[in-house]
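**Student:** next one to model:
(chains A and B)
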Amino acid sequence: MTVNVDGLSRRYGATRALVEVDLTLERGITGLLGPNGAGKTTLLSILATVGEPDAGRVSVFGLDPRDAAERVEIRRRLGYLPQELGYHRHFTVAGFLDYVAILKEITGRRRRAEEVARVLAAVGLEHRARTRIRALSGGMRQRLGIAQALLGQPGLLILDEPTAGLDPEQRLRSRELLSGLPGDPVVVLSTHQADDIAAICPKVVVLLQGRVRFAGTPAELAATAAGRVWAAGERDTRAHLSWRGGDNRWRHVGDHPPAGAELVAPTVEDGYLLLSHAAGAR
Amino acid sequence: MSVLRPRTVLGLARAEAWLLVRSLLVLAGLLAGGFALWLYFRQMEQPTWWDAAWRIGWGQLILGMAVLAAAQLAAGRVRRNGLADLYASFPATAPTRTLAHLAGLAGAVPASLLLAGAVTAVLQARGAFGTPDLAVLAGGPLLVIAAGAAGVAIGSRFPHPLAGALGALALLFSSVTSHLTSGAAIWLAPWQLEADQLANLPGPLAGYPPARAHAMELACLAVLAGIVALAVTVRHTRTWGGLAAAGLVAVAAICFAGVLQLRPIPTAGLNQLVSEVAALASVQRCTSASQVRYCLYPGFGAQLPSLEAPVDAVLAHLPARPAQPLTVRQVAGLSLPDSTLTHGHPEPEVSQWTAQVQRAPGNASAAPASAIYVPLAWAGGGQLADAHFDLALAAAEWAVRLPGAGGVFTSGEEFQPCVPVDQAREAVAIWLAILATHPPAGELEAGLGGLGTGRGFQGVEVGNALVPAWNSPGSGSVIPPGGGPQTTAVGYLLAKEMTGLPEARVERILDGAWPAWLNWRTTDARLAAALGLAVPRVSAPSLPPRVTGPDASPPQAAVCQ
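**Tutor:** Numbering: from 1, shown residues only, chains lettered A, B, ... in the order given. The predicted structure follows:
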């Protein structure tokens, strides 16, 4: 057990962002799925020792973030990409990474230079090392954000929507990058992209209205929709959600099979949709 | 499991120092500070280190303002750029970063040293008198660091760039208003800009200003600002206690430095100063050149060529000199009572010093008819060319025996010069001074004020009439023989006409009847006729009726004789 979350709750005024969340995160990539406002960012910021819970406890590598010294020790093993990341626009790409490397206590100059070169190559920005951040595109800045999180080969990597703003090729490259991280770290990946989860996450957690509604493998999440996804020639208004696909046939996710429909294999997205619908009905 | 790693602090400090070194704001502050000092020192006749070392602080103050703004921007960078969450996830804590920002202020020190070093080198090359006081010069970098620490404290709490700009203005404000405080309290401002008499001292005066205590105050202010910056970022109660204790020690040290700065200047030093100001003959060294005596304070010999040049140029055109030789004497324009100098001393002692200084040459009366008094700071404010003209005019007035008699002290210490109304010798004196120093025509014309335009008429009442006056360039730079006359517009305009004639022709006509031209009864009309010129005509408004009683009109000036 590497990261353990036990009874975690957090409130913002009248809004309950997290409600008694229990979670165990093992080595490998865990996908965190949920709509906007589900509490994903709150959970990740608490895991990153930035936010503090109202109740419950977190243990990271056996360390308690409530203790100042242990909190610093957790941070020494942490890589974090917040959802909304600003930049020092007048810094160069390499200059910013070098500065962050010092903040991560990589104080040896040679090691720092090697580490900066490594993460730049990992995100494909090695040719932009001397470019000022203000001159980078949005996608490049997002890759720079991922690069800073990778500095120091962290044991716990928390990425809040790392693929937002990336083009399809960059998204695929980020999958390659995350699935090939050395040292087998604990990676928590928050995203709206269910196909990213299905592609690289051995485990997925669905967070809805501040509560964990599902924790298992992507296949298990997809399986929750087994027998509830159909393809038909006509639209059925009883379906929770239906859309016409590229083959001109309607895909229905719901509890009632439309007339003349044929059952199709569910996806992670279908499972997530049904969970989300069920939570909304409660 | 250590929270604070010195190597991290050092690494970050090095990065911050390097950012500060390359900061355009700091570069701009360095250039602006250097420019301000260049403006001040560029035409100073002979800088003295007891004055100049303190003036370098002006430039350091400007640099300090820039460093304050740059440090505020750096310290507020994380919050301003929306990186607070990311930085909160790093093992280097906010206090670590603040410590690094404070240590990184070392990056501003090279700029401060460069400024002080460059000005020191230039002043030394120009023969500055005395030796620079390291305690005064050290105050510069300390001020810059203290300003930077204040910037870090402000930026840690207020990330908006405006906060830094306001902080810099507050620093400037605290300095430019220092003269509003009384007595020695002006030294408690980061750098005082006015209300001192350093340029009027004939030598250094121990404890004036109290440089070591001032440097100590600045150092303690830097420490206190650093403690405040850390207090803004530290969350632990235990650390807060330590910071509060350190803050109290810093405040106590600042108070102690303040008390040291408010100590009275030693009596022996003031006695010595007053005697140097009042008894010139006992301290000055005199040399003769071209039959003119130049009496200067020890160490001011480098000023001799600058004094000789305009005087010699006037003498070269004279057909004959007055029987009584001319003496050009340096005087200290010290003014007492001055609470920055005499604070803490008993009233009788201060009164005695004040009386002695008021009797000193240059204060008590006009210079004798055969002497010109040159204040120590005679070309202050970069007006050397004007000061040279004023000296040449004074020498020319001695040569033509102006004012002779007529200048009087009116109520109190106010000297009312006589007016050479319709006297040819005035035009001759002005012509000699113009010939000797060739001042720009624009500056000469500016002395007429609003004459002929109907606006800003300047005149002097003589014999129930208004006489249009002419204020010569650099007027007041020296104290001319007998206090000097109030020059008239007609005298200047006639002299200007004379400069349009061949020099040899004018000299021939003057040589031919030199004693006559020196006679106060010889009129402008006679001189103009001799030269083939018309007497310039100027109109003056009619004089309002004179008032008697409590609101009486000022007394009329006398005609020079």
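**Student:** per-domain residue ranges of chain A.
**Tutor:** A:1-77+A:154-217, A:86-151, A:222-281 (automatic domain parsing).
**Student:** who wins for proximity to chain B among those domains?
**Tutor:** In terms of Cβ to the nearest Cβ, the element of those nearest to chain B is domain A:86-151, at 2.8 Å. Placement of C-beta: from N, CA and C, glycine included.
**Student:** is it true that A:S9 lies in a strand?
**Tutor:** Yes. A:S9 sits within a strand when classified using DSSP: H, G, I helix; E, B strand; the rest coil.
**Student:** buried stuff in the worst-scoring helix or strand of chain A on mean pLDDT?
**Tutor:** Of all helical and strand segments in chain A, the minimum by mean pLDDT, DSSP states H and E falls on helix A:268-281, at a mean of 84. For helix A:268-281, the neighbour count (16 or more other Cβ atoms under 10 Å in any protein chain shown) marks A:268-276, A:279 as buried.
**Student:** how close does A:D22 sit to A:E70?
**Tutor:** Counting by Cβ to Cβ, to the nearest Å, the gap from A:D22 to A:E70 is 21 Å.
**Student:** neighbour count winner among these two?
**Tutor:** Counted by other Cβ atoms under 10 Å in any protein chain shown, A:D22 and A:E70 do not tie: A:E70 has more neighbours, with 18 against 13.
**Student:** quick check: closest non-adjacent residue to the more buried one.
**Tutor:** A:L63 (4.2 Å; Cβ to Cβ, 6 or more residues apart in numbering or on different chains).
**Student:** show me what contacts that neighbour?
**Tutor:** A:70-71, A:73-74 (Cβ atoms under 8 Å, 6 or more residues apart in numbering or on different chains).
**Student:** how about a cut-off of 10 Å?
**Tutor:** Contact analysis of A:L63 by Cβ atoms under 10 Å, 6 or more residues apart in numbering or on different chains lists A:49, A:69-77, B:1.
**Student:** how about A:A232, phi and psi?
**Tutor:** Main-chain dihedrals, A:A232, degrees, to the nearest 10: phi -150, psi 160.
**Student:** list the contacts of it.
**Tutor:** A:239, A:242, A:249-252, A:257-262, A:264.
**Student:** enumerate the beta-bridge partners assigned to it.
**Tutor:** Residues in a beta bridge with A:A232, per DSSP bridges, are A:W250.
**Student:** check what pLDDT it gets.
**Tutor:** At A:A232, the model reports a pLDDT of 87.
**Student:** quick check: which element contains the nearest residue to B:P204 once chain neighbours are set aside?
**Tutor:** Among residues not flanking B:P204 along the chain, B:W50 sits closest, at 3.9 Å (Cβ to Cβ, 6+ apart). Assigned by DSSP states H and E, B:W50 belongs to helix B:49-75.
**Student:** helices of the stretch 201-350 of chain B, residue ranges please.
**Tutor:** Taking DSSP state H, counting those that start in this stretch, the helices of the stretch 201-350 of chain B run over residues B:211-233, B:237-261, B:267-278, B:280-283, B:304-315, B:339-342, B:347-358.
**Student:** and if you look at chain A?
**Tutor:** Counting by DSSP state H, residue ranges of the helices within chain A are A:40-47, A:68-76, A:93-103, A:109-122, A:138-150, A:168-179, A:194-200, A:218-223, A:268-281.
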